[in-house]
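A.B. asks: pasting the structure only:
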C-alpha cells in the first residue's frame, strides 16, 4: 500500500474549494435557525454535492473516486474482542439497556464503540501489545463541535487524525438526536466533512488533492458510515453513505455490529481505485517477473 502524499497544483482545487467554503459559511450562519436536521435538496444541488453509496463491509464507494480506507478483516477484529473480554466489558451492555432519548442512546453506543477500542482507556491486550499500536489513528482525541436547537441536537464525540500525518484524513464519531433518512445527509455530517476538509486543504495551501473525512454517525441505536471529500474534478463535494445498521437486537448481533464499526477505527489510509486488490496485483507482478 502506498503512503505517499498526493499533491496537485493549488489552482486545480480552487473552484471546488471556493464552493465548499461558501457552503460552510452558509451552514455556520444559518445552523441555529435551521428547522430541519437534514440538508435540503436545493442546497445539495446549489453547492454541487453528489451523494453516493458506500459499502459498509468493504469501504468501496459506488462513485468513481478512490477508496480512502482499507478495513482490517472482521475475523481479526472479532478475535481481539473475544481474547480481551470485550464481549463482557461493562461498556457493551449499554447497547442492551432500555434507554430513553436518541442522543443518550447514541452516546452509549459511542462509548461502547470507543471506550475500550479507543483512547479513552489505553488497553494492553492479552498478548501484551498496546491496542493503539494496531491503529494508524492518533488516539489523543479532540472534542469537536456541538449544536442544540429546540428541534434537534448533534455533537461530535471524538475527532481523530493520522498519527504519522502522511495524509490529511480525519475520522469523527458523531451523535445525532434524530433518525437517519437513508440517502439524505444530516446537516451535522455535511458540517463535519466541510469543517475538516476545507480547513485542512486551506491550511496546506491547496497542495493536497484529497482531505477525506470519515464519520461513524450514530442516531439512537442506529449507525452508518459517512465519508466525504472535495472533488476537484467535479468542483464540488462527494458524500458517501453506507446502509444503516441497527444495534437494538440481541447481544450477539449488537456485538457483531460494534466490531464491524470498530473496523473503521482501525482502517489504514489508502488511495486505491475501486475494485483494486493488492494481493492479486502482487501475484501478477511476480508472474510478470517470471515471464
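C.D. replies: Noted; the coordinates are in hand. All values reported here derive from a predicted model rather than from experimental measurement. Numbers count the residues shown, from 1 in each chain.
A.B. asks: list the contacts of the residue nearest to residue 103 when sequence neighbours are not counted.
C.D. replies: Spatially, and ignoring its direct neighbours in sequence, residue 103 is nearest to residue 177 (4.6 Å; CB to CB, 6 or more residues apart in numbering). Bear in mind the C-beta positions are built from the backbone N, C-alpha and C, glycine included. By CB atoms under 8 Å, 6 or more residues apart in numbering, the residues touching residue 177 are 37, 101-103, 106, 152-154, 219.
A.B. asks: and the two most separated of the residues you listed?
C.D. replies: 37 and 101 (15.1 Å; CB to CB).
A.B. asks: neighbour count for these two, which is higher?
C.D. replies: Legend: neighbour count by other CB atoms under 10 Å for residue 37 and residue 101, higher for residue 37 (23 against 12).
A.B. asks: give the PyMOL command for selecting the buried subset of the contacts of residue 177.
C.D. replies: Buried subset of the contacts of residue 177, written as a PyMOL selection, criterion 16 or more other CB atoms under 10 Å:
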select buried, resi 37+102+103+106+152+153+154+219
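A.B. asks: so which of the contacts of residue 177 are in helices?
C.D. replies: Using DSSP state H, the members of these that fall in helices are 102-103, 106.
A.B. asks: could you pull up the mean pLDDT of the host helix or strand of residue 160?
C.D. replies: Element membership of residue 160, judged by DSSP states H and E, is strand 153-162. Strand 153-162 carries an average pLDDT of 88.
A.B. asks: touching, residue 193 and residue 237? I think so.
C.D. replies: Yes. Between residue 193 and residue 237 there is a contact under CB atoms under 8 Å: 6.9 Å.
A.B. asks: higher neighbour count, the two?
C.D. replies: Set residue 193 next to residue 237 and count neighbours by other CB under 10 Å: residue 193 wins out with 29 against 25.
A.B. asks: skipping adjacent residues, who's closest to the more buried one in space?
C.D. replies: In this structure, residue 193 finds its nearest non-sequential neighbour in residue 228, 3.4 Å apart by CB to CB, 6+ apart.
A.B. asks: now the strands for the stretch 151-291 of the chain?
C.D. replies: 153-162, 170-176, 213-219, 222-231, 236-241, 245-246, 268-272 (DSSP state E, counting those that start in this stretch).
A.B. asks: using CSV, please lay out these together with distance to residue 27.
C.D. replies: Listed next are those as CSV, based on distance: least, CB to CB, whole Å:
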stretch, distance to residue 27
strand 153-162, 12
strand 170-176, 15
strand 213-219, 14
strand 222-231, 13
strand 236-241, 12
strand 245-246, 27
strand 268-272, 26
